[in-house]
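[1] just need the structure, nothing else, for what follows:
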Amino acid sequence: MNKTSSMLDGMSARPFAYADIYRHPPMSGQDLSPELASVRKNESGTVIVLDDGTWFVTWSQGSFEGAHDEQIVCATSNDCGLTWSEPRSVIASTMEFRRSYGCPFAVPGGKRIYLFLHEGRHHGADVAPNSPEVDLGKLAFIYTDNRGDTWSDIHSITLPDRDISMFPDRIHGHLNHPPQLMPKGQVLLPFSQYARLGSMRRDWQLVAGETAFLWCENFLSESDPEQFRFSLLPPGPRGIRADIIEHMDNPAVKQLAKVFKGYPDSLAFNSQEPTIVPLSDGRWVQVCRTYLGSPGYAVSSDEGKTWSSVERLRYSPDCPFIDHPHTMCPLARLPDGRFILLFTNNDGTKNGAEHVWDGGCRTRNPQWFVIGREIPGERRNGGLLFGEPRILASADESEPVDGFTASTCTGIAMPQYIAAEGRHFVQYGLIKEYILLDEIPAEVIDEMTPDLPR
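    As a prediction, this is how the structure comes out:
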């Protein structure tokens, strides 16, 4: 495959390069015009494929992560992701509310596309940067019936209060993955909910976090937003949590506590950024980022009502843990029933990293992937077996000449697997400035598929 030099900019290796979804114009320095600065940060890309084969992507664009000019933009492709339209604004932040991460969902057989987001309070005006009210808000959605030319007003979603909720009827939360259509027709939006820095007066890397799924109960049969019904899985006072107490002897937990001047038993429970896949026997597996130096996983045998404890994911039930820091690690099901896990193969000690929250190119570079499959009848490790991992792409680790970083955690981040036309793609962000797309050949996936145990 021919790769233009521009597709390799900022990369030390990109063996599966396919296309650039978006690269901002060349720019350098801190004193940029507002128009140029506002397109410098690009992250959290999410791609869906519409019924007619059109690819539709949204991402967060702005001057930097948390800037008041952040907005959600969209673009489309009509040639299987090879070329893309210029980005168009979907919804912008205001001085009061931050609107930055969006996850689209296309109703099968229809023209409507929904975009879910968390609308949280911005710092500034009457909200101090360290206030518990920063990022406090609601899950919400907007929709389009004309491929993003126009969008509806914003519709807020009222959720029941959880134990982790700091304020009535509002949450600190974020979402990164599009709603998943499960085998029996459930539409589930994965999201994270957490406590805020101001609630504990200590480093936010240590605060509590849990995962959950918003069940959009009648999304496929109802078009009137006023009639939508939403509930949470699991129901009750708590989401899915990684219990630090059960992992007190974990080196990753001890190191994280040491760096942030805490103690392992004072670290709050934390699991975030879940993905969910169905198994052939009807169970559901969710995989999330944790403090544990590995992806966390939990299993539900009753369609999300109850879940097993969050445990560290292994390559197989009797093999070593999969190394991974506190960053996104999506698990996706391939059309033929195999799985792909996207991760960074670093438990918080490799590549100069000091802990699982370490940013830059220390924990989020390079990007790895591994192919998995189910072991019939196996309950341990979520019933999953993974093969040998392989590097998907590596970022250039040189420091930016002008010292600019879009956020403190850059490298390669927020990957997503996409299946289309019998082919396999991964989109991801590079240093939170560019949105890229790679294609993994089917023969590579076949080579990486592990043999089942005899």
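
[2] how is the residue lying closest to I418 once chain neighbours are set aside assigned, secondary-structure-wise?
    Excluding its sequence neighbours, the residue lying closest to I418 (C-beta to C-beta, 6 or more residues apart in numbering) is F425, at 4.3 Å. Where you see a C-beta, it was placed from the backbone N, CA and C, and this is true even at glycine. Assigned by DSSP: H, G, I helix; E, B strand; the rest coil, the conformation of F425 is strand.

[3] from F369, how far off is F425?
    12 Å (C-beta to C-beta, to the nearest Å).

[4] joint contacts of those two?
    Here F425 and F369 have I440 as joint contacts, going by C-beta atoms under 8 Å, 6 or more residues apart in numbering.

[5] who's the residue nearest to I418 bridged to?
    I418, E439 (DSSP bridges).

[6] which residues are in contact with it?
    Taking C-beta under 8 Å, 6+ apart, one finds Y18, V47, G81, Y417, I418, A419, L437, D438, E439, I440 in contact with F425.

[7] mind checking pLDDT for it?
    With respect to pLDDT, F425 scores 98.

[8] one more: N250?
    N250 carries a pLDDT value of 92.

[9] burial of it, as a residue count?
    Neighbours of N250 under the rule other C-beta atoms under 10 Å: 20.

[10] let me see the contact set for it.
    Neighbouring residues of N250 by C-beta under 8 Å, 6+ apart: L292, G293.

[11] measure it to D318 for me?
    Noted for N250: a distance of 19 Å to D318, by C-beta to C-beta.

[12] and K254, that one's in a helix?
    Yes: counting by three-state DSSP, K254 is part of a helix.

[13] residue contacts, the closest residue to it other than its chain neighbours?
    Closest residue to K254 apart from its sequence neighbours, by C-beta to C-beta, 6+ apart: P264 at 5.5 Å. The contact partners of P264, by C-beta under 8 Å, 6+ apart, come to I244, M248, V253, K254, A257.

[14] so the residue nearest to I157 when sequence neighbours are not counted bridges to which residues?
    Leaving aside its chain neighbours, I157 sits nearest to L139 (4.5 Å; criterion: C-beta to C-beta, 6+ apart). As for beta bridges, L139 partners with H118 under DSSP bridges.

[15] just want the most central residue of the protein.
    Closest to where the C-alpha atoms of the chain average out (C-alpha atoms, centre = their mean) is N176, at 3.7 Å.

[16] F321 and R379, how far apart?
    Separation of F321 from R379 (C-beta to C-beta): 18 Å.

[17] what about the two, which has more around it?
    Shown here are F321 and R379; by other C-beta under 10 Å, F321 has more neighbours (17 against 13).

[18] test my guess that that one contacts S294.
    Yes: the criterion here is C-beta atoms under 8 Å, and F321 meets it with S294 at 4.5 Å.

[19] overlap in contacts, these two.
    Jointly contacting F321 and S294 under the rule C-beta under 8 Å, 6+ apart are R312, L313, R314, D347.

[20] these: which two are farthest apart?
    Pairwise distances across those (C-beta to C-beta) peak at 12.9 Å, for the pair R314 and D347.

[21] which one of the two is surrounded by more residues?
    A count of neighbours by other C-beta under 10 Å puts D347 above the other of R314 and D347, at 23 against 20.

[22] what's the helix or strand for the more buried one?
    Using DSSP states H and E, D347 is not contained in any helix or strand.

[23] ditto for K258
    Secondary structure assignment for K258, by DSSP H and E: helix 251-259.

[24] what pairs with the helix or strand just after that helix, and is each one parallel or antiparallel?
    Using DSSP H and E, the next helix or strand after helix 251-259 towards the C-terminus is strand 271-278. When pairs are called by DSSP bridges, strand 271-278 turns out to pair with strand 284-290 (antiparallel).

[25] check which element follows the partner strand along the chain.
    Scanning forward in sequence from strand 284-290 by DSSP H and E, the next helix or strand is strand 296-300.

[26] list the buried ones in that following strand?
    Residues G296, Y297, A298, V299, S300 are the ones in strand 296-300 that count as buried (16 or more other C-beta atoms under 10 Å).

[27] for the last one, give me its contacts.
    The contact partners of S300, by C-beta under 8 Å, 6+ apart, come to P234, R283, W284, Q286, T306, W307, S308.

[28] what's the most distant pair in these?
    Spatially, the most separated pair among these is P234 and R283, at 14.3 Å (C-beta to C-beta).

[29] just how off-centre is the helix holding K258 within its chain?
    Relative to its chain's centre, helix 251-259 lies at 24 Å (C-alpha atoms, centre = their mean, to the nearest Å).

[30] so it versus strand 284-290, what angle?
    Note on geometry: by axes from the mean of the first three to the mean of the last three C-alpha atoms, to 10 degrees, helix 251-259 and strand 284-290 are set 30 degrees apart in direction.

[31] tell me which residues in helix 251-259 are buried?
    Buried, per 16+ other C-beta under 10 Å, within helix 251-259: A252, V253, K254, Q255, L256, A257, V259.

[32] wait, what's in contact with the last one?
    Right, the one you point to is V259. Contacts for V259 were tallied using C-beta under 8 Å, 6+ apart; they are E354, H355.

[33] tell me how far it lies from C361.
    Distance of V259 to C361, given as C-beta to C-beta: 18 Å.

[34] the fifth one now?
    Computed as C-beta to C-beta, the L256 to C361 distance reads 19 Å.

[35] next: the first one.
    Here the criterion is C-beta to C-beta. By it, A252 lies 19 Å from C361.
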